[in-house]
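Asks: what follows is a protein structure lacking sequence information:
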């Protein structure tokens, strides 16, 4: 028999699936009420005091559809073999808590390593159309990091990301792939086999197709990153699209 989901996790997931509630609003509501469960039982008149809430979003709180979808998502995640981790609950990475707008819930495939506020992890990202020199450089850097016990984080995209993940796991290390889609909607599809060798994380429900606006959101989760570009040059810094 499948264990009943944590009520707070289910409430967080309900808020995550409520239209108009992004990570910042979910957290503002949670802090105002003391828990996600309390948000769903607090009179809307009181919730008007939460900064940034509009009437349309308030009206959606407590609607039956997000609650139904949340219960369904818990079952789908269990069937898929994914772990759901909620902000403020056990197992949620401290490194994500340190962000300004971490996801309320993340979907995880694989065994998530310990990611403290100052994690021993580095993002290695770059262009999808990289030169051979840049691909080799990214692979060499990632393999060296992995052998040193550093977790290599990237976005599972073509080009530099693929080279970084591949080299890290071939060197016997741990690599985390962050998706701009649901765990079951791998993009690009040719990286499905590679993804099985990684820990894969998404802030999107199962069945979410890759969409252009998802990827900048995804990028904020990648730690301070090393970039290798099309020209073959590499530099330490924050990806320009995320700055």
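Replies: Noted; the coordinates are in hand. Fair warning: this is a prediction, and the values are worked out from it, not measured in the lab.

Asks: C-alpha from now on. contacts and neighbour counts both.
Replies: OK.

Asks: can you pull out the helices in the protein?
Replies: 7-16, 23-33, 36-39, 44-47, 55-60, 64-80, 94-97, 132-147, 160-170, 192-195, 214-219 (DSSP state H).

Asks: most packed of the ones you listed?
Replies: Ranked by mean neighbour count, the helices of the chain are led by helix 160-170 with a mean of 25 (mean count of other CA atoms under 10 Å).

Asks: now the helices of the chain as CSV including distance to residue 117?
Replies: Shown next, in CSV, are those (distance: least, CA to CA, whole Å):
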stretch, distance to residue 117
helix 7-16, 22
helix 23-33, 18
helix 36-39, 23
helix 44-47, 31
helix 55-60, 32
helix 64-80, 27
helix 94-97, 4
helix 132-147, 19
helix 160-170, 22
helix 192-195, 25
helix 214-219, 18
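
Asks: nearest to residue 86, of these?
Replies: helix 7-16 (5.6 Å; CA to CA).

Asks: who are the packing partners of the closest one?
Replies: Helix 7-16 is packed against helix 23-33, helix 36-39, helix 64-80, strand 83-86, strand 105-109, with contacts defined by 3 or more CA pairs under 8 Å, 6 or more residues apart in numbering; DSSP states H and E.

Asks: and it, how far from the chain's centre?
Replies: Here the centre of helix 7-16 is set off from its chain's centre by 16 Å, with CA atoms, centre = their mean, to the nearest Å.

Asks: and for that helix, what's in contact with it?
Replies: Applying CA atoms under 8 Å, 6 or more residues apart in numbering, the contact partners of helix 7-16 are 21-23, 26, 35-37, 40, 61, 66-67, 69-71, 74, 85-87, 89, 104-105.

Asks: thinking again about what came up before, residue 57: which of the helices and strands packed on helix 7-16 is closest?
Replies: Going by CA to CA, the one of the helices and strands packed on helix 7-16 nearest residue 57 is helix 23-33, 9.9 Å.

Asks: just the mean pLDDT for the closest one, thanks.
Replies: Across helix 23-33, pLDDT averages out at 95.

Asks: residues in contact with that helix: which ones?
Replies: 12, 15-16, 36, 38-39, 42, 47, 50-53, 101-104.

Asks: on that earlier part again, how about the helices and strands packed on helix 7-16, which one is nearest residue 150?
Replies: Short answer: strand 105-109, nearest of those by CA to CA, at 19.3 Å.

Asks: that closest one packs against which elements?
Replies: When contacts are defined as 3+ CA pairs under 8 Å, 6+ apart, strand 105-109 sits against helix 7-16, strand 83-86, strand 199-202.

Asks: using JSON lines, lay out these together with mean pLDDT and distance to residue 212.
Replies: Output for those, formatted as JSON lines (pLDDT from 0 to 100; distance: least, CA to CA, whole Å):
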{"stretch": "helix 7-16", "mean pLDDT": "97", "distance to residue 212": "20"}
{"stretch": "strand 83-86", "mean pLDDT": "97", "distance to residue 212": "24"}
{"stretch": "strand 199-202", "mean pLDDT": "97", "distance to residue 212": "15"}
